[in-house]
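Q: give me a model of this one.
(chains A and B)
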Amino acid sequence: MCRDFGARDMEVDFPGDIPDATVTLGELTDRLSIKLTDSEGALLVMVNGKVIPPARAREFRLHGGDHVDLHMIPAGG
Amino acid sequence: METIVGKTAFVDLSTSTVNVVDTPQRLVRDLLGGRGANMAYLYRMLPEGADPLGSENILIFGTGLLTGYPVPNSGRMSISAKSPESGILGDSNMGGFFPAAMKKSGFDRLVITGRADSPVYLFLSNGSVEICDADCYWGLNVPDTQSALEQDLGKGVRSAVIGPAGENLVRFATVMNAKKNAAGRCGMGAVMGSKNLKAVTAAGDVPLEIADRPALTALRKELTQYLHASKIIKIYGKVGTALLYEPANKLGALRTKNSQLNQWSSKLNASELDQHIEGMTACSECSVHCRHVNKYGGEGPDFVSFALLGANAGIDDLAEIIKLNNLCNDLGIDTSSAGTLIPWAMELYQRGIIGDELTEGPLEWGDIKRVRRLLVDISQRRGFGDVLADSSQAISLGKLPPEAADYLISVKNLPQSDPHDPRYIKSFALGVAVSSRGADHLRNRPTLDILRLSEELREKVYGVSTVEDPTVYETKEKVVEFSETIYAVCDCLGICRFVCHGWNSPKLLGYKHFSEMMRLAVGLILSPEQLSEIGGRVIDLERLINQREGITKADDTLPRRYFEDPMPSGHTKGHKIDREEFQKALDRYYHLKGWDDEGNLMPERKTEIQDITKASGTILKR
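A: Below is the predicted model:
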């Protein structure tokens, strides 16, 4: 996960007592204190290279080994 | 109350005469300044069918209505002429410090006609224009020209200059002020070269009259705080537009190897740029500071420059890409066009459409040395560089075979600027197709569509209901129309796109802010609705200019590849533009604009727009 500019990929461990060994994207971003949407827009969320619309992102279930990309897209060059 | 205006100078280089008049009040009220007012002069004064590199072309330097005033991000201006690259209207916007200096030298606008017998430059100071001998500067590159002018005219004098590319009439030559601030698009530097005009210099030391200084000072403080509260602005100030590379690449929306591919190396991610950068810098009155100062003696690169000179040319060495960016700026070459045309030639070579006899040796992907040499050859019009110096016109000039057109990523003969591949985002694709200066993202790019924002946020941004899915065509005409209208107003005011509502956030500056800034700065009272009307008026006027140059509905289209070749990898895999759906979207766009089915203005609207251009006080050329 690239959390902010300059940050590198990071692995996030969750406790083993989560049902079915999955977490929601919302739980992950809460843990990292990241807002998926706010009054300025939304992060571009990709899980394993696929875009997840913000409206569905919080409840999207992640599995062990999934790769999550969160990107702020400010503009066009 | 009359609006505070400056002067407009008509400079005839053929006769070495200058005529200075007050900027017409009605022109300001109806088209503000910058791009909009420039278009009125272009419409009235450009002879139909004029040779863009002939003395009959006119060249207009137009500051925005708010350029130079103490309001956020008001450091920009527009340079306009008939484009030698596209053959239609040419218009290019630049920041830096020259635009404010030009305003403070007493001038809103320069309208330059004719051609000097030998190299000259213009010196603007305290409301007067001097035509000066530029023999000793001719042949110098951009930074050397700027240094020599500053040495000769005094520190603090700002200059907009051309380099060797402009002198040699390269059709995508830039006008440069400072190291990187470029009026990059449409070959305005070549128009300067064709007029033997090496530079325009300005001693900007005349304080501007302000309608309500105390209130404007308070508004400036308020708006600056408002902008600094935006997280988008903070990110820009930290990494600039380079941040866009990684998401575009991961998504599979990055123009790579002339759009044969859509993903490239992670070596060009913004996080890798840090080691090559000394700091960030800004234009006058800037709240953002988006421009890098690099360790190799130049400024930049922005996303456009390093993605096109990198991924699109198959290069993944960031240090070398930055040096190529610097070289383009030194020579006065548009990185957008160079980063599209060289990869185009590489694909033509790859496919055997052109061979060693034309290219004078191999032209392989990723060959940094070859690209560097080619950029110099382009600027000197030497060897194969002379072919590419003609940009898309190389085909009609018989320098490249007709089938080369199938692989050119351009619209209306202007190579595409944005490194994003529009096959996935349909609103972006429509925007590129209808942009008045050709394939360009700064006319109307709806950048937020990719994020699939909520209905509530989308309405807040665009003011209308639109479909969330970026791959759907329906309603995207509304997004394009909203974006092109507010961006046109920005260009008329001289405000940077990066603080414009809708460009990247709903929390930036919009019509209400612009209205208040104008009232307090120059005393012009226009409602937000009236400002929006002016934006639409500018688009309509540009349509008239282009139609006079032969543009029809058939030109509001996209490169063949975008319709026929699906994107090869990533999240966007399989996406392309559906011709039928695209045509329907185009028809809806025309309808929304109030144009007929062929993209023509209705007769009464045409008359209305023509009447407005009469305020320029110039004679219609036919």
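Q: where does the prediction get shaky in chain A?
A: A:1-10, A:14-21, A:73-77 (pLDDT under 70).
Q: at 80 what do you get?
A: For chain A, applying pLDDT under 80 flags the ranges A:1-22, A:37-43, A:72-77.
Q: show me which helix runs longest in it.
A: helix A:25-31 (DSSP state H).
Q: other SSEs contacting that helix?
A: With contacts taken as 3 or more C-beta pairs under 8 Å, 6 or more residues apart in numbering or on different chains; DSSP states H and E, helix A:25-31 sits against strand A:61-63, strand A:68-71. C-beta here means a position set from N, CA and C on the backbone, and glycine is covered the same way.
Q: immediately after it, which helix or strand?
A: Next helix or strand after helix A:25-31 toward the C-terminus (DSSP states H and E): strand A:37-38.
Q: ok, back up a step: deepest in the core, which of the helices and strands packed on helix A:25-31 is it.
A: Comparing the helices and strands packed on helix A:25-31 by mean neighbour count (mean count of other C-beta atoms under 10 Å in any protein chain shown), strand A:68-71 comes out on top with a mean of 20.
Q: what does that one rub up against?
A: Residues outside strand A:68-71 that contact it (C-beta atoms under 8 Å, 6 or more residues apart in numbering or on different chains) are A:1-3, A:25, A:28-29, A:34, A:36, A:43-47, A:62, B:243, B:246-247, B:250.
Q: if you count neighbours, what's buried in the longest helix of chain A?
A: By neighbour count on 16 or more other C-beta atoms under 10 Å in any protein chain shown, the buried set for helix A:25-31 is A:25, A:27, A:28, A:29.
Q: touching, the third one and residue A:11? I think so.
A: So that's residue A:28. No - look at residue A:28 against residue A:11 with C-beta atoms under 8 Å: they stay out of range, at 11.6 Å.
Q: residues in contact with residue B:163?
A: Residues in contact with residue B:163, defined by C-beta under 8 Å, 6+ apart, are B:140-142, B:145, B:173-174, B:176, B:189, B:330-333, B:379.
Q: return the member of these nearest to chain A.
A: residue B:174 (15.7 Å; C-beta to the nearest C-beta).
Q: that closest one touches residue B:165, doesn't it?
A: Yes - Residue B:174 is within contact range of residue B:165, at 7.3 Å (criterion: C-beta under 8 Å).
Q: need the overlap of contacts for those two.
A: The overlap between the contact sets of residue B:174 and residue B:165 (C-beta under 8 Å, 6+ apart) consists of B:189, B:332, B:333.
Q: nearest residue to the spatially most central residue of chain B other than its sequence neighbours?
A: With distances taken as C-alpha atoms, centre = their mean, the residue of chain B nearest its centroid is residue B:92 (4.1 Å). Excluding the flanking residues, the one nearest residue B:92 by C-beta to C-beta, 6 or more residues apart in numbering or on different chains is residue B:183, at 3.8 Å.
Q: Three-state assignment for residue B:440, please.
A: On the three-state scheme (DSSP: H, G, I helix; E, B strand; the rest coil), residue B:440 is labelled coil.
Q: check contacts around it.
A: Shown in contact with residue B:440 (C-beta under 8 Å, 6+ apart): B:185, B:414, B:416, B:417, B:418, B:432.
Q: please redo it, this time with the cut-off set to 7 Å
A: Shown in contact with residue B:440 (C-beta atoms under 7 Å, 6 or more residues apart in numbering or on different chains): B:185, B:414, B:417.
Q: can you tell me the closest non-neighbouring residue to the first one?
A: Setting aside the residues directly before and after it, residue B:185 is nearest to residue B:92 in space (C-beta to C-beta, 6+ apart), at 4.6 Å.
Q: what's opposite the one you found in the beta bridge?
A: residue B:79 (DSSP bridges).
Q: grab the longest helix from chain B for me.
A: The single longest helix within chain B, with elements called by DSSP H, is helix B:528-548.
Q: got the buried residues for that helix?
A: By neighbour count with 16+ other C-beta under 10 Å, helix B:528-548 contains the buried residues B:531-532, B:534-548.
Q: what packs against that helix?
A: Contacts defined by 3 or more C-beta pairs under 7 Å, 6 or more residues apart in numbering or on different chains; DSSP states H and E place helix B:528-548 against helix B:25-31, helix B:34-45, strand B:89-94, helix B:476-493, helix B:511-522, helix B:603-613.
Q: residues touching the shortest one, excluding its own?
A: Residues lying outside strand B:89-94 but in contact with it, judged by C-beta under 7 Å, 6+ apart, are B:35, B:38, B:42, B:76-83, B:175, B:177, B:181-188, B:436-437, B:491, B:542, B:545-546.
Q: does the helix or strand hosting residue B:349 reach chain A?
A: Using DSSP H and E, residue B:349 sits within helix B:335-350. No - legend: contact between helix B:335-350 and chain A by C-beta under 7 Å from any C-beta of the partner chain is lacking; minimum distance shown is 8.9 Å.
Q: mind checking how far that helix is from the chain centre?
A: Relative to the chain's own centre, helix B:335-350 is displaced by 20 Å; criterion: C-alpha atoms, centre = their mean, to the nearest Å.
Q: which is the next helix or strand following that helix?
A: Following helix B:335-350 toward the C-terminus (DSSP H and E): helix B:356-359.
Q: and for that next one, what's in contact with it?
A: By C-beta under 7 Å, 6+ apart, helix B:356-359 touches B:349, B:362, B:384, B:387.
Q: got those as JSON lines, with secondary structure and pLDDT columns?
A: As requested, these are exported to JSON lines (DSSP: H, G, I helix; E, B strand; the rest coil; pLDDT from 0 to 100):
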{"residue": "B:349", "secondary structure": "helix", "pLDDT": "98"}
{"residue": "B:362", "secondary structure": "coil", "pLDDT": "97"}
{"residue": "B:384", "secondary structure": "helix", "pLDDT": "98"}
{"residue": "B:387", "secondary structure": "helix", "pLDDT": "98"}
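Q: name only those of these that count as buried.
A: Buried subset of the contacts of helix B:356-359 (neighbour count, 16+ other C-beta under 10 Å): B:349, B:384, B:387.
Q: pull up the residues of the stretch 401-550 of chain B that are close to chain A.
A: Residues of the stretch 401-550 of chain B lying near chain A by C-beta under 7 Å from any C-beta: B:418-419, B:441, B:445, B:447-448, B:450-454, B:457, B:468, B:498, B:503-507.
Q: where do the helices of the stretch 351-500 of chain B begin and end?
A: B:356-359, B:368-380, B:384-388, B:393-396, B:426-434, B:455-462, B:476-493 (DSSP state H, counting those that start in this stretch).
Q: comparing those, which gets the lowest mean pLDDT score?
A: Within the helices of the stretch 351-500 of chain B, the stretch with the lowest mean pLDDT is helix B:455-462, showing a mean of 84.
Q: I appreciate the help and will end here.
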